[in-house]
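Visitor: 3D model of this:
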Amino acid sequence: MFSGLRAQELLIVLLIVLLIFGARKLPDLARSLGASAKEFRKGVSEGSEEDTEAQASEAPAEDKPAPETTAPDAQKPD
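Guide: Numbering: from 1, shown residues only. Below you'll find the model as predicted:
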């Protein structure tokens, strides 16, 4: 992610962030960023659990043969 940034560039970015947000707001910003990352991971894991459960419940339905459908205008010749 940051493979293109060198130490000097990273230091400049951090100083700019410090100037924009101020030293007092940085801990709050870091806490809220950490909490949002934690909530995101929780949501992703819950979503993958729901997908797994949905796939497990759909598995028996795949064994049934699909019903044949015909177009309404298609009629068999007499």
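Visitor: list the helices and strands the helix or strand harbouring Glu53 packs on?
Guide: Using DSSP states H and E, Glu53 falls within helix 26-62. Secondary-structure packing of helix 26-62 (3 or more C-beta pairs under 8 Å, 6 or more residues apart in numbering; DSSP states H and E): helix 7-21. Backbone N, C-alpha and C define where each C-beta goes, glycine included.
Visitor: for the helix it packs on, packing partners?
Guide: Under the contact criterion of 3+ C-beta pairs under 8 Å, 6+ apart, the helices and strands touching helix 7-21 comprise helix 26-62.
Visitor: how far is the helix it packs on from where the chain is centred?
Guide: Helix 26-62 has its C-alpha centroid displaced from the chain centroid by 7 Å (C-alpha atoms, centre = their mean, to the nearest Å).
Visitor: Renumber starting at 106 from here on
Guide: Got it, the first residue is 106 from now on, which makes the last one we talked about helix 131-167.
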